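**Q** return a 3D structure for these sequence lines:
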Amino acid sequence: MPKDKFEIICIGITKSGRWLYYPGDVELIATGEWKEHPDCASAIISPDRTHGGILKILEDGSTSLLRIDCVFPVLHGRNGEDGTIQGLLKLAGIPFVGCDTLSSALCMDKAMTHTVLDAAGIRTANWDQIQKTELPQLNEKCEQFIDKLSLPIFVKPANAGSSVGITKATDFESLREGIKFAFTHDSKVIVEEMLSGKEVECAVLGNDAPQASALGQIIPCNEFYDYDAKYQSDSELKIPADLDEVTTRRVQETAVRAYQALGCSGLARVDFFVSEDGTVYLNEPNTLPGFTSISMYPKLWEYSGLPYSELLERLVTLALD
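**A** So this is what the prediction gives:
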């Protein structure tokens with residue numbers, strides 16, 4: 001973030017769910033040492049709109065109000081990009097970067113995403129779903145899924161980010177076990193037909209008039225682009241994607257259509273499969289895409305002429321708008 005334009009206030013959330021105001025060196029965040037900083041203080045976002053900021057709770061029990069102009073929720077997964085914290089910030093009346101409560105929830109829940117995109121006429125993989133209450137009928141459901149989708153089948157928790165809990169089923173037994181495994185992450189599971197082709201990603205930016213970036217292509221090091229391939233291995237990111245001009249434009253247009261159909265604002269990364277015959281399938285939207293040094297979203301905008309720091313400034317401006 002450009003320090004000459006913004007005063008950065010860091011609030012960290014521990015794995016146990018404790019919120020801490022952290023005024024120390026950002027380098028200590030990656031190591032986990034930040035939590036032990038002597039100047040850390042318990043902090044909460046007050047839903048009271050007259051506060052407009054963060055209440056620090058000091059050691060003697062007194063409170064101190066820290067007013068803020070905008071929140072950048074750099075959070076992944078459940079509670080971070082599913083509309084939960086967005087709803088809290090809406091209550092508090094504090095502007096925040098990214099999608100609102102409804103669009104965050106729609107994009108996080110893969111079954112709801114499919115439902116909305118189907119209604120909008122945007123092509124996705126053929127799919128179905130199963131609820132945890134249907135586990136006693138698991139064998140029967142697996143037979144139905146194989147008849148409808150054919151093997152192999154991808155099994156995904158409906159609400160989990162970063163490809164957590166996803167498996168590829170190649171027979172009845174692995175489908176059965178994959179569904180049971182996915183239920184350890186969520187109470188609703190979706191199953192999808194396997195799509196083959198190029199894995200392509202598009203960064204979308206904006207509110208009322210969203211823009212699509214150049215396209216990037218994922219060349220995964222693993223069998224599919226799972227958690228390890230995203231964060232721990234040597235998957236290759238190729239910018240621009242190896243697509244002709246007509247297909248590139250079709251992917252970009254579809255990304256913007258999906259963004260608008262799902263009610264997105266601020267930013268989202270929209271992921272696709274492009275088959276050998278040029279058919280475009282939307283895989284999934286990500287409302288708070290990664291911003292690490294290897295992440296596709298900032299790299300795509302940098303390639304498109306918007307450097308990292310300017311991108312962050314633009315996102316804050318969109319939030320305030």
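
**Q** I'd say Tyr308 and Leu300 touch.
**A** No. Counting by CB atoms under 8 Å, Tyr308 sits too far from Leu300 to count as a contact (11.4 Å). The C-beta positions use only the backbone N, C-alpha and C, and glycine is treated the same way.

**Q** do I have it right that Pro95 meets Cys70?
**A** Yes. If you go by CB under 8 Å, Pro95 and Cys70 touch, sitting 4.7 Å apart.

**Q** so what's in contact with those two at the same time?
**A** Contact with both Pro95 and Cys70 is made by residues 319-320, according to CB atoms under 8 Å, 6 or more residues apart in numbering.

**Q** neighbour count winner among Tyr308 and Leu300?
**A** Leu300 (27 against 14; other CB atoms under 10 Å).

**Q** what helix or strand is the more buried one on?
**A** Assigned by DSSP states H and E, Leu300 belongs to helix 296-303.

**Q** show me the shaky parts of the stretch 201-321 of the chain.
**A** Applying pLDDT under 70 to the stretch 201-321 of the chain flags the ranges 222-234.

**Q** now do the helices in it.
**A** 227-231, 245-261, 296-303, 308-320 (DSSP state H, counting those that start in this stretch).

**Q** out of those, which is closest to Trp127?
**A** Shortest distance between Trp127 and the helices of the stretch 201-321 of the chain, using CB to CB, is found for helix 245-261: 15.4 Å.

**Q** export that closest one as CSV, just CAs?
**A** Taking C-alpha atoms only, helix 245-261 is exported to CSV below (Å, rounded to 0.1, in the frame of the first residue of the first chain):
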residue,chain,number,x,y,z
GLU,A,245,-8.1,-13.4,-30.0
VAL,A,246,-11.8,-14.5,-30.5
THR,A,247,-11.7,-17.0,-27.6
THR,A,248,-9.8,-14.5,-25.4
ARG,A,249,-12.6,-11.9,-25.9
ARG,A,250,-15.3,-14.5,-25.3
VAL,A,251,-13.7,-15.5,-21.9
GLN,A,252,-13.4,-11.8,-20.9
GLU,A,253,-17.0,-11.1,-21.8
THR,A,254,-18.2,-14.1,-19.9
ALA,A,255,-16.2,-13.1,-16.9
VAL,A,256,-17.8,-9.7,-16.8
ARG,A,257,-21.3,-11.2,-17.4
ALA,A,258,-20.8,-13.6,-14.5
TYR,A,259,-19.4,-10.8,-12.3
GLN,A,260,-22.5,-8.8,-12.9
ALA,A,261,-25.0,-11.7,-12.6
